[in-house]
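Peer 1: model this:
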Amino acid sequence: MVASWTNSVHTYGTFAGYREISSPEKWLRVHNTQEWNDYYNPKYRADLKKFFDHYLKGEDNGWEKTPKVRLSVYDPGHEDIVDRVETEFPLARTRYEKLYLDGNTGTLEDKKVKEKGSVSYDSEGEEPSVAFTYSFDKDTELTGYMKLHLWVEAESSDDMDLAVKVEKIGADGKELNANRFGSLSADGYLRVSCRELDKKRSTEAQPYLAARSEKKIKPGEVVPVEIGIWPMGTIYHKGEKLRLTVSAYRPAKAALPFGIAKIEVPKDVFTYMSGEKPEMLTLGGDCSEVADASEVITSPATHNSGRHIFHTGGRYDSYLLVPVIPEKK
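Peer 2: Below is the predicted model:
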């Protein structure tokens with residue numbers, strides 16, 4: 001299995017797929033680039049060919065000696081770690097720690113916050129979000145799954161759509177979350193009315209949504225939620241910061257027409273040799289044409305309205321659970 005930390009479509013599912021493969025004969029390699037760049041890298045093409053030659057052709061080429069897990073760990077502003085050998089994922093030596101949200105200071109703290117506080121935004125405003133930062137006093141690696149335990153309130157509504165982002169900020173306060181391969185952040189999403197958890201499948205670091213029912217909240221009611229955050233591997237140096245952002249999730253406005261793009265396929269065969277010119281068949285229509293209403297997929301409506309309030313401190317033990325990785329002994 002080949003995975004990356006930064007693909008908004010595939011990251012979560014790729015890691016979940018690897019973990020749920022029942023066979024003991026499975027391998028994971030996490031790269032630090034982008035999928036197409038990695039797929040066509042000669043080194044990794046040869047690696048993949050060796051795997052297929054072993055299992056599809058039965059070649060005795062030593063593939064079984066390949067390390068079970070090879071991880072890349074991002075270090076924006078410095079040099080990434082690439083292909084670090086591990087034996088499993090998530091890493092067995094992970095030490096989960098809680099960083100508590102303080103609504104009075106906008107920070108994340110190592111210990112429980114005693115004084116109650118709150119922060120809020122207008123979910124219908126221009127940039128509806130709140131942020132909390134944590135400054136590292138020593139070099140620290142965070143690799144694995146994260147979770148946000150958060151006490152939330154909708155002031156005048158019965159639901160909330162939330163988006164969560166964790167990213168690295170430089171010691172000088174400048175953002176280090178983007179490079180040429182995409183955003184270097186770990187994200188999570190939740191519709192509060194769908195917060196019910198499957199307790200049998202949920203773990204300390206990974207809340208698993210039951211998806212069995214919808215439970216609206218009352219305006220002004222404060223409820224706890226668990227927001228799973230997809231995995232990320234990042235090194236933070238002394239003085240650098242982790243920034244947690246909670247915002248009102250807004251689906252991109254779109255009306256996507258399906259079934260009208262033109263494509264050409266071989267008329268009578270599925271595959272053909274290079275150089276052959278089979279008769280082709282054109283399917284579909286012109287993308288500039290107006291699609292039938294039944295073929296247009298529109299963005300889902302948001303459940304956000306009014307002010308979102310987030311409670312911290314005292315009985316409201318809002319915290320971010322992070323996966324700290326000690327050095328190998």
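Peer 1: ok, residues contacting the strand or helix carrying V246?
Peer 2: Secondary structure assigned from DSSP states H and E places V246 in strand 241-248. Applying C-beta atoms under 8 Å, 6 or more residues apart in numbering, the contact partners of strand 241-248 are 99, 101, 108, 121, 123-124, 127-136, 142, 148, 150, 160-171, 173, 236, 302, 304, 308, 310, 320, 322. (Glycine included, C-beta is placed from N, CA and C.)
Peer 1: out of all of them, which helix in the protein is the longest?
Peer 2: Across the chain, the helix with the greatest residue count (assigned by DSSP state H) is helix 42-56.
Peer 1: for that one, packing partners?
Peer 2: Contacts defined by 3 or more C-beta pairs under 8 Å, 6 or more residues apart in numbering; DSSP states H and E place helix 42-56 against strand 28-31.
Peer 1: For PyMOL, write the select line for the buried members of the contacts of strand 241-248.
Peer 2: Of the contacts of strand 241-248, the buried ones can be selected in PyMOL as follows, counting by 16 or more other C-beta atoms under 10 Å:
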select buried, resi 99+101+108+121+123+128+130+132+134+136+142+148+150+160+161+162+163+164+165+166+167+168+169+236+302+304+308+310+320+322
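Peer 1: In strands, which of the contacts of strand 241-248 appear?
Peer 2: The members of these that map onto strands under DSSP state E are 99, 101, 108, 121, 129-135, 142, 148, 150, 161-169, 236, 308, 310, 320, 322.
Peer 1: residue contacts, the nearest residue to E124 once chain neighbours are set aside?
Peer 2: Distances taken as C-beta to C-beta, 6 or more residues apart in numbering put S305 closest to E124, at 6.3 Å, once the chain neighbours are dropped. For S305, the contact set (C-beta under 8 Å, 6+ apart) comprises S123, E124, S156, S157.
Peer 1: how about those in TSV, adding distance to L209 and pLDDT?
Peer 2: Formatted as TSV, the contacts of S305 follow (distance: C-beta to C-beta, whole Å; pLDDT from 0 to 100):
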residue	distance to L209	pLDDT
S123	21	96
E124	26	94
S156	25	94
S157	20	95
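Peer 1: Of these, just say which sits nearest to T11.
Peer 2: Closest approach to T11 among the contacts of S305 (C-beta to C-beta): S123, at 26.5 Å.
Peer 1: shouldn't that closest one be in contact with F310?
Peer 2: No. In terms of C-beta atoms under 8 Å, S123 does not count as a neighbour of F310; the distance is 11.8 Å.
Peer 1: the helices in the stretch 151-300 of the chain, which residues?
Peer 2: Assigned by DSSP state H, counting those that start in this stretch, the stretch 151-300 of the chain shows no helices.
Peer 1: shaky segments in it?
Peer 2: Applying pLDDT under 70 to the stretch 151-300 of the chain flags residues 177-183, 254-261, 284-297.
Peer 1: what about the strands in it?
Peer 2: Listed from the start of the chain, the stretch 151-300 of the chain has strands (DSSP state E, counting those that start in this stretch) covering 161-169, 178-179, 182-183, 185-191, 222-236, 241-248, 255-257, 263-266, 280-283, 296-298.
Peer 1: Give me the angle between the first one and strand 241-248.
Peer 2: Looking back up the chat, that one is strand 161-169. Inter-element angle recorded for strand 161-169 and strand 241-248: 160 degrees (by axes from the mean of the first three to the mean of the last three C-alpha atoms, to 10 degrees).
Peer 1: Give the other helices and strands that strand 161-169 contacts.
Peer 2: Checking 3+ C-beta pairs under 8 Å, 6+ apart, strand 161-169 ends up next to strand 140-154, strand 185-191, strand 222-236, strand 241-248.
Peer 1: so can I have a markdown table of those showing distance to T6?
Peer 2: Converted to a markdown table, those look like this (distance: least, C-beta to C-beta, whole Å):
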| stretch | distance to T6 |
| --- | --- |
| strand 140-154 | 14 |
| strand 185-191 | 8 |
| strand 222-236 | 8 |
| strand 241-248 | 17 |
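Peer 1: Looking at these, which is nearest to K114?
Peer 2: Closest to K114 of those is strand 140-154 (C-beta to C-beta; 15.2 Å).
Peer 1: What strands flank that closest one, and is each parallel or antiparallel?
Peer 2: strand 222-236 (antiparallel), strand 307-312 (antiparallel), strand 319-324 (antiparallel) (DSSP bridges).
Peer 1: Switch those over to JSON lines; also include distance to G77.
Peer 2: What follows is the strands paired with strand 140-154, written out as JSON lines (distance: least, C-beta to C-beta, whole Å):
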{"stretch": "strand 222-236", "distance to G77": "10"}
{"stretch": "strand 307-312", "distance to G77": "29"}
{"stretch": "strand 319-324", "distance to G77": "19"}
